[in-house]
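# fold the following.
(2 chains)
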Amino acid sequence: MYFVDPALLTPSWGCEQQSSVNTMFDPNLLSTDMQQWLLNYTEKLRAHSAQPSHDELFGKDLRLRAQWQPVLEELSQLGPDALQLRCDEAQNLLHENGVTFNTYEDDPGQMRAWQLDCLPFVISTEEWENLEKGLIQRSRLLEALVEDLYDQRQVLTQGLLPAELVFTHPSFLFPAADSTPPAERPMVIFHGIDLVRTAKGDWQVMGDWTQSPSGTGYALENRITLARALPNLYREAPLKRLAGFLQAQHRCLASLASAHREQPNIVLLSPGPGSPGYFEHAWLANYMNFSLVEGADLVVRDGQVSMRTLGGLKQVDVIVRQINDPWCDPLELRGDSLLGVPGLMQAARNGEVEIANALGSGILEHPALAAFLPQLCEFLLGETLQLPGRATLWCGKTEALETLRSQPDAWILRNVRQPGLVRPETLSDQEAQDYWQAVEAQPYLYVAQARVEAATTPVFNRRTGEFDAETVNLRFFSLVEPDDLRKAAHERQYRIMPGGLAWVGEPGTALMASQIVKDIWVMAPVPQPHISLLRQAHGPIVVTRDGNDLPCRVADSLFWMGRYGERLDIRSRLLRETFARLLQEDQTETEARLIPDLFTALELGLPSAEQMEQVHTEPSGRRHKQEYILLRNQLLELFDEHQTDGMPWLFSHFLRNCRAVRDHLGDDAWRTVNTLRQIFNDMPRTQGAVGAQRHLENVVTDLAAFFGLCNETMPHHYGWRFLDLGRFIERTLCTLELLKLALLTAQRPGIPLWEVVLATTDNFTVYRRRYRSQLHPLAILDLLLFDETNPRSVGYMLKRLGRQIERLPHPDATPYRNQETRLVIQATSALHLVDINQLTDLERSEEARNALSQLIDQILDPLSELSNAISHSHFSHVEAPRQLVTMQNHV
Amino acid sequence: MKYLLRHTTRYDYSSAVTLSHNEARLLPRVLPWQEICNTQLEISPSPIRLRERADFFGNRVCYFSLQELHSSLEVTAESEITTSARPLPSQEQDMPWEMASAQTREGLQLDQDGLAARLMLLDSDFIQHHPLLAEFALESFQPGRSLVESIHCLNQRIFNEFTYDPEHTTIATPILDVLASRRGVCQDFAHLSIGCLRSLGLAARYVSGYMETLPPPGQPKLQGADATHAWLAVYLPNWGWLEIDPTNGCLPDERYIILGWGRDFADVTPLKGVMNGGGNDLLSVAVDVTPLPLPKAPTVNTLTQSQSQSQTL
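Residues are numbered from 1 along each chain as shown, chains lettered A, B, ... in the order given. This is a model prediction of the structure:
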């Protein structure tokens, strides 16, 4: 047994003595709370497994591992309550920054952020030195392997690796294995390696990420968050810093294109906001100052890859791709890909663009390679493999298949062409039969991986305030030394990020499937200089990368973010007013009610005649109550997630566009988006009118905060102009519709309705201050239509639209006015040329009403067209590229 | 034999194409029994980039991109080809088919042919092995029978038992449908034979190319009347690839011109592309395999189209 009886503990705390630093770690110096935690933890360890098993905190004979000393001392000083608070603080920080990784983020109901454990995973200096060597060797080995596979293929002809294993993997790209001479640069620039510590205490590699290893952004975000939540601990602990690694990564990518030019244009190619890793893509693009692009933003012309921007095409030198191999080029790879860029492979082949990691490097992620790496390491490097992999069977080998059949439940199965794992014991008889038949038919597609017993590590449980013993997975990252890019393979050095990402779960759990993540701390012998990680990450609130090179898609998204946001704002106000009237209205004066008109404004149907009929059969005392409930429920329908043009629907469109421009929004602006998300999360359908009103108030103020922050912090450049155009087109259209309703088409026009219009357009206060007296239609018209000093008037808005359009880029310079300008002039002239005297007696004169109706339409029509015109001139209209039909006649 | 090969592919689009990236596998391979000279590839409108390389299988592939607004694309490949007799395996090089299957699968030290054969054992997008295919093939592949004899037998059976029917199939007729209906075109018969062989553990690859056709007796040969053709080749361990043509029930000879080969049709698509714009593509193909007198060939310039720019590779 490893563990001593708890009764014996207090006097005999042990500690490992470090060879270099001769400090004893005496647990008795820790607070009594901490001692109690540790004691409870040892009990949990005992409960966790009957067999002696490795634990990260306690070594043999219950000795505390020395590397934990600084962490435990600091936490001990904090005390349990403060620790709890700090953990909550860390959680809030993560949440506010929108650190999320789930696929269904657009769906407000599915929002989920992970939890960051305030206990890091601590690795001692000595242990790190060994681990680092093993990780570096692995990167060298995989690079040697992938270079051989796409060139000489000696490992196949020499029988070290079965051809079927390689040729059937979706990431072995035949078009990359052609006659083109191999590039002089390594194919794998960065490499992610998943490890676990086994119950015996050895490191074991669980898998490799060689296409676009994710997690460096998360690792850094965790480090920043923890440093903010536990500043003393972070400052005092002698741990290795991460910032240098990302700087080296940037240098490495920049020097990939050194042959092209000095200031290369580096872009990060993402599958888009729908992909699970999009948060990290935006984060990295922002941190590294790359343009975040999607496939449709790029085009291959004149052999080069270019980015579509407002100012025309801008050449791209380096692509950091976050798209998997088969989807990168619909010409040479999967033809059904909408994520890729046609012609990309050819551009890369010609050296016109550098892709990191190179296309085809995903073959190294083949899980069955683990079974062959020891021999491959001997053959390719002449060395013994240092870090053992997970026991693995490749079913293409008869002996392996027999082993698997004799003890199927000891293995976890996967098909290399499909996602997901299969645990044989969970299959029904029929499923098992089908599965084995499939294995039988194409055994080379199947891989069996041994189940791994992992070591335990302490995790702080925020609920119970105790340390739990959990198993974790770890991811480390390696990088080619930037200066060694052009060196021969055997001279290349690699560096490992001194830290990484750990997540709680059974060995082999996917990162995205985990709930709790941990920062990994590699202890240094002496305190490390503080590199300005925080200052860089939390620098200027909004990225200043803007201007002519703004990708068209970003302009497009900003425009629609503005339109949806504004629409959400106006409808929230209108709905808020409607709820207010519903609650206020004198329930006996049915005739004077505004509700029908407000429902029209909200484009809602009134309860059906039958429903009303039923209400009227009720005794009069309950009648109004019933009617109220009927109307209220009708309004609450707008909170239904599936209601088109309902509040959640509008919000999800707003959010989708926000996410697509995540790297252009400041952290503070983004925080308000997250607050809004929270409001929509908490907006259940069945709430009462009062609750609904409160939610809507919050939506209105948070939206105002959001747009305010955008105005304050976005450079007033093209991007901001498109946002503004979107907002003001939407606002003008909505204002005009409201005016039309209030003054012309309402069933019950009059003061109560005009009040609503003033409140909805946020003009109520201005009006009262200016006129004080009774509401009059002409005064309303002046305030809302003509008064150009009132930012809520149509006149002001048209002026603003005109000014913004004037300052947009016009790549095809002609002496004539473009369509957008003409449309704004058309609307403005209608307003300017109208004879006010015609409109004086709206309440009584049919003529005046006709004149107003005509005027409103004369403004509405060109403005409705304006949106299309802007979109036509400035946004990329890339239809999905089509495949040539290839039907041919044959003999 | 000596031929002038001319293969024109034309697409007419209903609306203009603004940008397209293409790959043409239209230039015949150079082989010990197939000499290629005076190759020309004419592309109209003229491409911005034109790059030739050899793909994974060693086929000649030309990448090109078009950037000017166009509503039609015409690609003409032209070559003079001199063919000679293909080598055939001797009796000593033959072996029982089961042995061939075992050697193909289990060879550890491989030459490039052996490595290629390992790939040609595997299922591909259009060809998946199946017990029904094996069952059909086993009638020809009796236990212990020689590989070459068995292959000839399968070749003949498909020729005799299947009906050539150009109306019947689409581009991707599943091979089990071909087996059931006993109808198809050359591509289907090639896919079916490959499926049969792979189902028995033998390596087979798809070959695309042309063959010289003769007009009906007494009639002149029509322009553009020839067509592309497809057949297959089977791997004989320690010897190489033996071609068979199940559509005609014969072994390809000097009248056959090889364009390229791959796992199935998809690997040797003559012309593929991805474009922006276009729609309702109208495709027309004209192939002429014109015999030339040996040994001296006429000059080619008489055949060059006036409008299109010609590119020599």
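# for residue A:67, which non-adjacent residue is closest in space?
Closest residue in space to residue A:67, ignoring its immediate chain neighbours: residue A:124 at 3.9 Å, by CB to CB, 6 or more residues apart in numbering or on different chains. C-beta here means a position set from N, CA and C on the backbone, and glycine is covered the same way.
# got the phi and psi for that neighbour?
Here is the backbone geometry of residue A:124 (degrees, to the nearest 10): phi -80, psi 160.
# quick one: it and residue A:37, what's the gap?
Distance of residue A:124 to residue A:37, given as CB to CB, to the nearest Å: 21 Å.
# tell me which of these two has more neighbours.
When residue A:124 and residue A:37 are compared for neighbours, residue A:37 comes out ahead with 22 against 18, by other CB atoms under 10 Å in any protein chain shown.
# now for whichever strand or helix holds that one, which elements pack on it?
Using DSSP states H and E, the element containing residue A:37 is helix A:32-48. Applying 3 or more CB pairs under 8 Å, 6 or more residues apart in numbering or on different chains; DSSP states H and E, we find helix A:32-48 packed against helix A:69-96, strand A:466-470.
# most packed of these?
Across the helices and strands packed on helix A:32-48, averaging neighbours per residue (mean count of other CB atoms under 10 Å in any protein chain shown) puts strand A:466-470 on top, at a mean of 20.
# strand partners of that strand, parallel vs antiparallel please.
strand A:457-461 (antiparallel) (DSSP bridges).
# from the centre of chain B, point out the most distant residue.
Distance from the C-alpha centroid of chain B, by CA atoms, centre = their mean, peaks at residue B:69 (32.0 Å).
# excluding chain neighbours, what is closest to that one?
Closest to residue B:69 by CB to CB, 6+ apart is residue B:16, at 4.9 Å.
# report pLDDT for residue 12.
With no chain named, the answer covers chain A. The model reports residue A:12 with a pLDDT of 41.
# oops, I was thinking of chain B
Note for residue B:12: predicted pLDDT of 92.
# do a quick rundown of the strands in the stretch 751-891 of chain A.
Assigned strands in the stretch 751-891 of chain A, in chain order: A:882-883 (criterion: DSSP state E, counting those that start in this stretch).
# hmm, I was thinking of chain B
Secondary structure of chain B (DSSP state E): strands at B:2-27, B:34-44, B:49-54, B:60-66, B:70-83, B:163-164, B:183-184, B:204-211, B:228-236, B:240-244, B:256-262, B:271-277, B:282-291, B:309-312.
# isn't there a helix covering residue A:263?
No - using DSSP: H, G, I helix; E, B strand; the rest coil, the assignment for residue A:263 is coil, not a helix.
# count of residues packed around it?
Around residue A:263 there are 9 other residues, counting by other CB under 10 Å.
# relative to residue A:285, how far out is it?
17 Å.
# how close does residue A:599 get to residue A:741?
11 Å.
# apologies, that question was intended for residue A:385.
75 Å.
# swap in residue A:356?
Distance of residue A:356 to residue A:741, computed by CB to CB: 56 Å.
# residue B:228 too?
Counting by CB to CB - residue B:228 and residue A:741 are separated by 67 Å.
# check residue A:326 too.
For residue A:326, the distance to residue A:741 - CB to CB - is 54 Å.
# next: residue A:677.
Taking CB to CB, one finds residue A:677 at 31 Å from residue A:741.
# still on that earlier bit, next one: phi and psi at the residue farthest from the centre of chain B?
Here is the backbone geometry of residue B:69 (degrees, to the nearest 10): phi -60, psi 120.
# correct me, but it touches residue B:17?
Yes - at 7.3 Å, residue B:69 and residue B:17 qualify as touching, with contact defined as CB atoms under 8 Å.
# show me what contacts residue B:25?
B:55, B:59, B:60, B:61, B:62, B:208, B:259, B:260, B:268, B:269, B:270, B:271 (CB atoms under 8 Å, 6 or more residues apart in numbering or on different chains).
# any idea how far the first one lies from residue B:63?
Just to be clear, that refers to residue B:55. 10 Å.
# mind listing the shared neighbours of these two?
With CB under 8 Å, 6+ apart, residue B:55 and residue B:63 have no common neighbours.
# scan chain A for its longest helix.
helix A:552-584 (DSSP state H).
# buried set for that one?
Residues A:552-582 are the ones in helix A:552-584 that count as buried (16 or more other CB atoms under 10 Å in any protein chain shown).
# related to what we said a few turns ago, which one's more surrounded, residue A:356 and residue A:741?
With neighbours defined as other CB under 10 Å, residue A:356 and residue A:741 compare such that residue A:356 has more, 23 against 19.
# got phi/psi on that one?
Torsion angles, degrees, to the nearest 10, at residue A:356: phi -120, psi 130.
# over to residue A:184?
Torsion angles, degrees, to the nearest 10, at residue A:184: phi -80, psi 0.
# same check on residue A:313?
Here residue A:313 shows phi and psi, under degrees, to the nearest 10, equal to phi -80, psi 140.
# surely residue A:93 is in contact with residue A:227?
No - counting by CB under 8 Å, residue A:227 is not a contact partner of residue A:93; they are 10.2 Å apart.
# find the nearest non-adjacent residue to the spatially most central residue of chain B, please.
Taking CA atoms, centre = their mean, the centroid of chain B lies closest to residue B:208, which sits 0.3 Å from it. Excluding its sequence neighbours, the residue lying closest to residue B:208 (CB to CB, 6+ apart) is residue B:268, at 4.4 Å.
# check contacts around the one you found.
Contacts of residue B:268 by CB under 8 Å, 6+ apart are B:25, B:59, B:206, B:208, B:259, B:260, B:261, B:262.
# please name the bridge partners of the residue nearest to the second one when sequence neighbours are not counted.
The one in question is residue B:59. Distance criterion CB to CB, 6+ apart; nearest residue to residue B:59, sequence neighbours excluded, is residue B:260 at 3.3 Å. When bridges are called by DSSP bridges, residue B:260 pairs up with residue B:208.
# which residues of the stretch 201-313 of chain B score low on pLDDT?
B:222, B:224-225, B:295-313 (pLDDT under 70).
# those residues of it touching chain A, which are they?
B:211, B:213, B:226-230, B:247, B:267, B:269-279, B:281, B:283, B:285 (CB under 8 Å from any CB of the partner chain).
# gap between the one helix or strand residue A:320 maps to and the chain center?
Element membership of residue A:320 [criterion: DSSP H and E] is strand A:318-321. Relative to its chain's centre, strand A:318-321 lies at 18 Å (CA atoms, centre = their mean, to the nearest Å).
# so what's residue A:484 up against?
By CB under 8 Å, 6+ apart, the neighbours of residue A:484 are A:491, A:492, A:493.
# could you do residue A:549 as well?
A:291, A:307, A:309, A:310, A:311, A:314.
# which bits of the stretch 51-200 of chain B sit near chain A?
Counting by CB under 8 Å from any CB, the stretch 51-200 of chain B sits next to chain A at B:51, B:53-56, B:58, B:63, B:65, B:67, B:108-112, B:114-115, B:118-119, B:121-123, B:129, B:166, B:170-171, B:185-187.
# in the sheet, who's paired with residue B:229?
According to DSSP bridges, beta-bridge pairing links residue B:229 with residue B:209.
# test my guess that it contacts residue B:206.
No - applying CB under 8 Å as the test, residue B:229 and residue B:206 come out as separate, 11.6 Å apart.
# look at the residue nearest to the spatial centre of chain A and report its pLDDT.
Chain A has residue A:279 as the residue nearest its centroid, 2.3 Å off, counting by CA atoms, centre = their mean. Per-residue confidence (pLDDT) for residue A:279: 80.
# so where is the stretch 51-200 of chain B shaky, pLDDT-wise?
In the stretch 51-200 of chain B, residues with pLDDT under 70: B:108, B:168-172.
# again, only using 80
B:107-109, B:167-172 (pLDDT under 80).
# in three-state terms, how would the closest residue to residue A:508 other than its chain neighbours be classified?
Counting by CB to CB, 6+ apart, residue A:508 lies nearest to residue A:206, which is 5.8 Å off, once chain neighbours are set aside. Here residue A:206 is strand, with the state taken from three-state DSSP.
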